[in-house]
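>>> Dropping a prediction and its sequence here:
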Amino acid sequence: MKISFWPYSHTVLTTFCLLGLTAASRPEGITEDVELRVGIVQRFGDSPKEQIQLEPTQGDRLRLTFKTGNQQQTLVTAKPVKLEVMMQPIAQPTVEEQVVLGTYRTYETAEDSAKNWRAKGIEVEIVQPERWQIWAKRDVYSTPLLRRLLLESVQAAGKKKAIIDTKIQQQTPQVSWVVNDKRYSHNYLEISSSKNLVKVNEGKKPNNTRLYAGRLQLQPNAYGTYTLVNQVPLETYLRGVVPYEIGAQAPMAAMEAQAIIARTYALRNLHRFAADKYQLCADTHCQVYYGLKGVTAVTDRAIASTKGMVLTYNNELVDALYSSTTGGVTAAFSDVWNGDDRPYLKPIVDSPSNIWNIAGQNLADENNFQRFIRLQKGFNESKWDLFRWRRETKLEDIAKGLQKFLKVKNSPYAKFKTIKDMRIVKRSTSGRILKLAVDTDIGTFHLHKDEVRSAFIAPVSTLFYLQPLNKGQPKLWGYAFIGGGLGHGVGLSQTGAQNLAKLGWSNERILQFYYPGTQIQVLNNTIKLIN
């Protein structure tokens, strides 16, 4: 028996209750495999040249199911099926519009913004047409009048970046496919096979083919395009995550820690794509998931040995954030995103020895920070290429990147022409940039927290300092970004975990190092699955 989280209800909590996952009757240890809905191809139909090829494995056949009127129709074929996009003219052009209340780099920042809007009595939804956005809920603000009244209200309250995004649709993408020389075209399509295995190739290159277990469903999303969703059991899903997130060459304890964290992350984040009626994506906005193409015996063993295990704090699933490389110190949640700190996500020097005392040498101090970045040895990540880095960028290139970033955010500063100066105004205890000032010809604007990684091309984390460069010229040539780490730096370091495993640390000890005060438990009916 599989426990499925679909169909999705108004809230994740309601869904859990409908499924009996919080009911007293649920057994102490869950042996059934939770079924996930993962968007493996998002926004299919953005380009009329896009195509997806579906293919059965050898000796199997594809089963394609769709509705024609009130009748369900099923096609069976042993041949590959190509999903193609055709732009269909609309007899009467339609207006599509949303009240966009904010645009963000990450889901975490968008989630905090949504919480604040809801506290003001405004119903919103989190979406990802490209970047994460907050929309006024479409089924609530369903008329032009309601949308404009809302916009006037929020702009009068000082939220000047809120806009109404209006598009006139004169054509719409329609997906079609051919079976037995007959072309079909429907908005919903379910794809399955006898072996529960389907090959998927997004694009035209043979090496793009990936193998997915479970079933597939092509369905409309909130942006006028389509999503190809993989309905897959949780433990099978992990087989397509662990090899790509930490690799098959990692020591076993590090792979086991990754499996536990990936399982926890998936279960805690099932609400991310509620607006599009699936749960998780397959890229770095969630966890990298490429199906069964890259599975290995060793990563499968790490998943099997930790089956059902999750990480908890006070009997609640932790916010299981992790990144590639911390740069020598982990970050608190609020160092990177807005929102409440998690007690188990706090600055920790990423070293097996006492190499630096944050309490005595706070990295919020610029001098301390630069001395810390100059340290090379003694950290878990010291031998990793991106533990320390230096990247020089021309002022003109910095300006182009900033203008593009500000334009997406609907900022009036997007019209600046030249940069006069840049400086770091405030750092966190872990050294992450909390506020960075940019002086331009039309005034000074500020970048905050995770915005910094979006606004600049050069830095791959917010753990850096700036060095102005003249390059022998009388005026400013550009800046050197000098820092460490790759990613947000919150929670487990995948690189650091591998070093600790090589030192003989167990998966439990590794996880308690990066998430202090937490416990590993087998998923059961006493654990709170969401906040």
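Looks like it arrived, so ask away. Numbering: from 1, shown residues only.
>>> Next, Ser113: phi, psi?
phi -60, psi -40 (degrees, to the nearest 10).
>>> show me the contacts for it.
101-102, 104, 134, 338 (C-beta atoms under 8 Å, 6 or more residues apart in numbering). (Each C-beta comes from the backbone N, C-alpha and C, glycine too.)
>>> Quick check: buried residues in the strand ranked longest in the chain?
When the chain is parsed with DSSP state E, its longest strand is strand 81-104. Residues 81, 83-85, 97-104 are the ones in strand 81-104 that count as buried (16 or more other C-beta atoms under 10 Å).
>>> try stretch 256-273
256-273.
>>> How many residues are close by the closest residue to Asn410 other than its chain neighbours?
With C-beta to C-beta, 6 or more residues apart in numbering as the criterion, Asn410 has its nearest non-adjacent residue at 5.0 Å, and that residue is Lys161. Other residues lying near Lys161 total 15 when counted by other C-beta atoms under 10 Å.
>>> Make sure Lys161 is indeed in a strand.
No. Assessed with DSSP: H, G, I helix; E, B strand; the rest coil, Lys161 is coil; it does not lie in a strand.
>>> so who does it touch?
Counted by C-beta under 8 Å, 6+ apart, Lys161 has contacts 102, 409-411.
>>> Please tell me how far Asn354 sits from Leu529.
The gap separating Asn354 from Leu529 is 37 Å, by C-beta to C-beta, to the nearest Å.
>>> ditto for Pro474
Taken as C-beta to C-beta, the span from Pro474 to Leu529 is 61 Å.
>>> between Asn354 and Leu529, who's got more neighbours?
Leu529 (17 against 8).
>>> List the backbone torsions phi and psi for the residue lying closest to Pro343 once chain neighbours are set aside.
Once flanking residues are discounted, Pro343 sits nearest to Gly517: 6.5 Å by C-beta to C-beta, 6+ apart. Dihedral pair for Gly517: phi 80, psi 10, per degrees, to the nearest 10.
>>> these two touch, right, Gly517 and Arg342?
No. Applying C-beta atoms under 8 Å, one finds Gly517 not in contact with Arg342, separated by 10.2 Å.
>>> Give me the common contacts of those two.
Tyr313.
>>> When these two are compared, which one has more neighbours?
Neighbours were counted for Gly517 and for Arg342 using other C-beta under 10 Å; Arg342 has more, 18 against 11.
>>> and that one, what pLDDT?
What the model reports as pLDDT for Arg342 is 96.
>>> Where does it fall, secondary structure wise?
Assigned by DSSP states H and E, Arg342 belongs to no helix or strand.
>>> gap between it and Ala222?
Distance, Arg342 to Ala222, using C-beta to C-beta: 29 Å.
>>> Helices of the stretch 201-350 of the chain, residue ranges please.
For the stretch 201-350 of the chain, the helices defined by DSSP state H, counting those that start in this stretch occupy 234-239, 242-245, 252-268, 297-305, 333-336.
>>> could I get these as TSV with distance to Asn201 and mean pLDDT?
Converted to TSV, the helices of the stretch 201-350 of the chain look like this (distance: least, C-beta to C-beta, whole Å; pLDDT from 0 to 100):
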stretch	distance to Asn201	mean pLDDT
helix 234-239	20	98
helix 242-245	18	97
helix 252-268	25	98
helix 297-305	23	98
helix 333-336	36	97
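>>> could I get the ones you listed as JSON lines with distance to Ala320?
Shown next, in JSON lines, are the helices of the stretch 201-350 of the chain (distance: least, C-beta to C-beta, whole Å):
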{"stretch": "helix 234-239", "distance to Ala320": "13"}
{"stretch": "helix 242-245", "distance to Ala320": "12"}
{"stretch": "helix 252-268", "distance to Ala320": "4"}
{"stretch": "helix 297-305", "distance to Ala320": "15"}
{"stretch": "helix 333-336", "distance to Ala320": "12"}
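>>> and stretch 465-481, how far apart are its ends?
6 Å (C-alpha to C-alpha, to the nearest Å).
>>> change the start of the numbering to 32 and stick with it
From this message on, residue numbering opens at 32, which makes the last subject stretch 496-512.
>>> in its sheet, what does the longest strand of the chain sit against?
strand 82-87 (antiparallel), strand 163-167 (antiparallel), strand 194-210 (antiparallel) (DSSP bridges).
>>> Of the ones you listed, which is nearest Trp415?
Trp415 sits nearest to strand 163-167 of all the strands paired with strand 112-135, at 28.7 Å, using C-beta to C-beta.
>>> If Val260 is in a bridge, with which residues?
In this entry, Val260 is beta-bridged to Gly70, Gln248, by DSSP bridges.
>>> Mind checking the strands paired with strand 112-135 for the one nearest to Cys317?
Ranking the strands paired with strand 112-135 by proximity to Cys317 (C-beta to C-beta) places strand 163-167 first, at 11.9 Å.
>>> immediately after that closest one, which helix or strand?
Sequence-wise, the next helix or strand downstream of strand 163-167 (DSSP H and E) is helix 175-187.
>>> what pairs with the residue nearest to Cys317 when sequence neighbours are not counted across the strands?
Nearest non-adjacent residue to Cys317, counting by C-beta to C-beta, 6+ apart: Leu311, 4.7 Å away. Note on Leu311: beta-bridge partners by DSSP bridges are Val69.
>>> Repeat that for Glu128.
Under DSSP bridges, the beta-bridge partners of Glu128 are Thr197.
>>> Isn't it up against Ile194?
No. Between Glu128 and Ile194 there is no contact under C-beta under 8 Å: 9.9 Å.
>>> Show the average pLDDT along the longest strand of the chain.
What strand 112-135 shows for mean pLDDT is 91.
>>> Give me the angle between that strand and helix 175-187.
40 degrees (axes from the mean of the first three to the mean of the last three C-alpha atoms, to 10 degrees).
>>> Can I get strand 112-135 as CSV, trimmed to CA atoms?
The C-alpha trace of strand 112-135 is given here as CSV (Å, rounded to 0.1, in the frame of the first residue of the first chain):
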residue,chain,number,x,y,z
VAL,A,112,5.8,9.2,-28.1
LYS,A,113,6.8,12.8,-28.7
LEU,A,114,5.0,15.5,-26.9
GLU,A,115,5.1,18.7,-29.0
VAL,A,116,3.9,22.2,-28.4
MET,A,117,1.6,24.0,-30.9
MET,A,118,0.6,27.6,-30.5
GLN,A,119,-3.2,27.7,-31.0
PRO,A,120,-4.8,31.0,-31.9
ILE,A,121,-7.6,32.2,-29.5
ALA,A,122,-10.8,33.2,-31.3
GLN,A,123,-11.3,36.0,-28.7
PRO,A,124,-8.1,37.4,-27.1
THR,A,125,-8.2,37.1,-23.4
VAL,A,126,-6.6,39.2,-20.6
GLU,A,127,-4.6,37.3,-18.0
GLU,A,128,-3.5,39.4,-15.0
GLN,A,129,-2.2,38.9,-11.5
VAL,A,130,-1.4,41.3,-8.6
VAL,A,131,2.3,40.6,-8.0
LEU,A,132,3.1,41.6,-4.5
GLY,A,133,6.8,40.7,-4.6
THR,A,134,9.6,38.9,-6.5
TYR,A,135,12.3,36.9,-4.7
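>>> how far out from the middle of the chain is that strand?
Chain-centre distance of strand 112-135: 23 Å, with C-alpha atoms, centre = their mean, to the nearest Å.
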